[in-house]
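**Student:** turn this into a structure:
(4 chains)
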Number of protein chains: 2
Amino acid sequence: MTDLHTTNALRLLQVADDFRAGLSGEFSAVHGISVNEFLLLLHLERSAANRLPRVELARRMHVSASTITRMAAPMEKIGLLDREVDERDARLVFVVATNAGRAKLSEALSTFSKRAGYLFGDRCEDEEMDQFASMLRRLIAGTGDTLA
Amino acid sequence: MTDLHTTNALRLLQVADDFRAGLSGEFSAVHGISVNEFLLLLHLERSAANRLPRVELARRMHVSASTITRMAAPMEKIGLLDREVDERDARLVFVVATNAGRAKLSEALSTFSKRAGYLFGDRCEDEEMDQFASMLRRLIAGTGDTLA
DNA sequence: GCGAATCGCTTGCGTACGCAAGCATATTGC
DNA sequence: GCAATATGCTTGCGTACGCAAGCGATTCGC
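**Tutor:** Below you'll find the model as predicted:
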């Protein structure tokens, strides 16, 4: 508890939970999507050709493969996503973002940015934001696939 | 996307998700509790007299009151928690940590600290950790009830 | 005081998730 | 070549959660 590493990890979780809880409400109200659906679209946008195999998407989002199946199904129905089967390996089913999906992501991203502004807003100097970014980049580094 | 606030918010969510996912596995395997149960015990530990009204606990944990009811029930059964009714206001039901609950928290906290060490470990200088702590403290400030 | 609104907690119902089993496709060992 | 194994995806089942309704207890308006 006097350990600074522990304190910072706890604060990290708390800030992230607070931020996510705020996002969740506005996303469902304004854009009709969940935070996880937003992150799914974002992972696709950050990948080559706007598509990823379902199992890879699951790994990056820390969810099970079955969750991807069940999350993608309704998003395909409303036209945000499409599916493509790999030519070489018929086991691989790619999740693809449609134009509508990318547009939805773009809208949601502006809401996200607005709330990110609220979060850091006037509480932080530019120099601090740079240091913060540097810190977070290193913490993500081990994970491999970066989202930002 | 070129916005540093947005980038940092995304990284914040990603680091927190990664860390939480890692914790989740070790907590259930080693201590037999979930991350949320751990946080519940921690909120009690950080409060006066190791007890909080259920509704207050719900607010701090960003969950609904019904979730507190359903989370506390099995923890009472195995002796980690107890319940106390307020003398003045019979509507208030306090969630209280038992000695067993505080012991369980202590065990889990050492696992938490170990993983916090892995997270920041050799990636961060002491001075950076201080800046990081200062940053996170300000980001939590608006929320009110601090966990760390 | 006393009805009405409020508050805290619990319960029914629908939704989202993980795990294990099952199926189809690929790859490996021989 | 052909079993045996491994990989990717989906489906059944159990669990955790939010929302809305309901029930006691309290406070407010008058």
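**Student:** anything in stretch A:95-108 near DNA strand C?
**Tutor:** No: for stretch A:95-108 and DNA strand C, the contact criterion (Cβ under 7 Å from any atom of the strand) is not met; the two come no nearer than 13.7 Å. Quick note: C-beta positions are derived from backbone N, CA and C, even for glycine.
**Student:** which parts of that stretch are buried?
**Tutor:** Neighbour counts using 16 or more other Cβ atoms under 10 Å in any protein chain shown place A:95-98, A:101, A:104-105, A:108 of stretch A:95-108 among the buried residues.
**Student:** what about the strands in chain A?
**Tutor:** Ranges of strands in chain A, per DSSP state E, are A:51-53, A:81-85, A:93-97.
**Student:** okay, these, which one's buried deepest?
**Tutor:** When the strands of chain A are scored by mean count of other Cβ atoms under 10 Å in any protein chain shown, the highest mean neighbour count falls to strand A:93-97 (a mean of 21).
**Student:** dihedrals phi and psi, residue A:98?
**Tutor:** phi -80, psi 170 (degrees, to the nearest 10).
**Student:** what's it in contact with, if anything?
**Tutor:** A:79-82 (Cβ atoms under 8 Å, 6 or more residues apart in numbering or on different chains).
**Student:** where does pLDDT dip in chain A?
**Tutor:** Chain A contains residues with pLDDT under 70 at A:1-2, A:141-144.
**Student:** for it, which residues are neighbours of DNA strand D?
**Tutor:** By the rule Cβ under 7 Å from any atom of the strand, the part of chain A lying against DNA strand D is A:53-56, A:58, A:65-66, A:68-70, A:72, A:83, A:91-94.
**Student:** out of those residues, which are buried?
**Tutor:** Among these, those classed as buried by 16+ other Cβ under 10 Å are A:53-54, A:56, A:58, A:68, A:72, A:93-94.
**Student:** which stretches of chain A form helices?
**Tutor:** Listed in chain order, the helices of chain A (DSSP state H) span A:4-26, A:35-45, A:54-61, A:65-77, A:99-120, A:126-141.
**Student:** quick check: the farthest pair among the buried residues of stretch A:95-108?
**Tutor:** Across the buried residues of stretch A:95-108, the longest distance by Cβ to Cβ is 17.8 Å; it joins A:96 and A:108.
**Student:** in chain A, what residue is nearest chain B?
**Tutor:** Closest to chain B within chain A is residue A:16: 3.3 Å, counting by Cβ to the nearest Cβ.
**Student:** is that residue in contact with residue B:14, as I believe?
**Tutor:** No: in this structure, residue A:16 is not within contact of residue B:14 by Cβ atoms under 8 Å, at 9.0 Å.
**Student:** who in chain A is up against DNA strand C?
**Tutor:** Contact residues, chain A versus DNA strand C (Cβ under 7 Å from any atom of the strand): A:34, A:36, A:62-67, A:70-71, A:88-91.
**Student:** reformat the strands of chain A as CSV; add distance to residue B:118.
**Tutor:** Shown next, in CSV, are the strands of chain A (distance: least, Cβ to Cβ, whole Å):
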stretch, distance to residue B:118
strand A:51-53, 27
strand A:81-85, 35
strand A:93-97, 31
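**Student:** between the residues of chain A next to DNA strand C, which is nearest residue A:145?
**Tutor:** Closest approach to residue A:145 among the residues of chain A next to DNA strand C (Cβ to Cβ): residue A:62, at 11.4 Å.
**Student:** got phi/psi on that closest one?
**Tutor:** phi 60, psi 40.
**Student:** same deal with residue A:63?
**Tutor:** The phi/psi pair for residue A:63 (degrees, to the nearest 10) reads phi -130, psi 170.
**Student:** show me what contacts it?
**Tutor:** Contacts for residue A:63 (Cβ under 8 Å, 6+ apart) come out as A:36, A:71.
**Student:** can you tell me how far it is from residue B:80?
**Tutor:** 28 Å (Cβ to Cβ, to the nearest Å).
**Student:** how long is stretch A:133-148 end to end?
**Tutor:** End-to-end distance for stretch A:133-148, by Cα to Cα, to the nearest Å: 10 Å.
**Student:** residues touching that stretch, excluding its own?
**Tutor:** Under Cβ under 8 Å, 6+ apart, the answer for stretch A:133-148 is A:39, A:42-43, A:46, A:60, B:1, B:4, B:6-8, B:10-12, B:14-15, B:18, B:119-120, B:123-124, B:128, B:131-132.
**Student:** weed out the non-buried ones from those residues.
**Tutor:** Buried, going by 16+ other Cβ under 10 Å: A:39, A:42-43, A:46, A:60, B:6-8, B:10-12, B:14-15, B:18, B:119-120, B:124, B:128, B:131-132, out of the contacts of stretch A:133-148.
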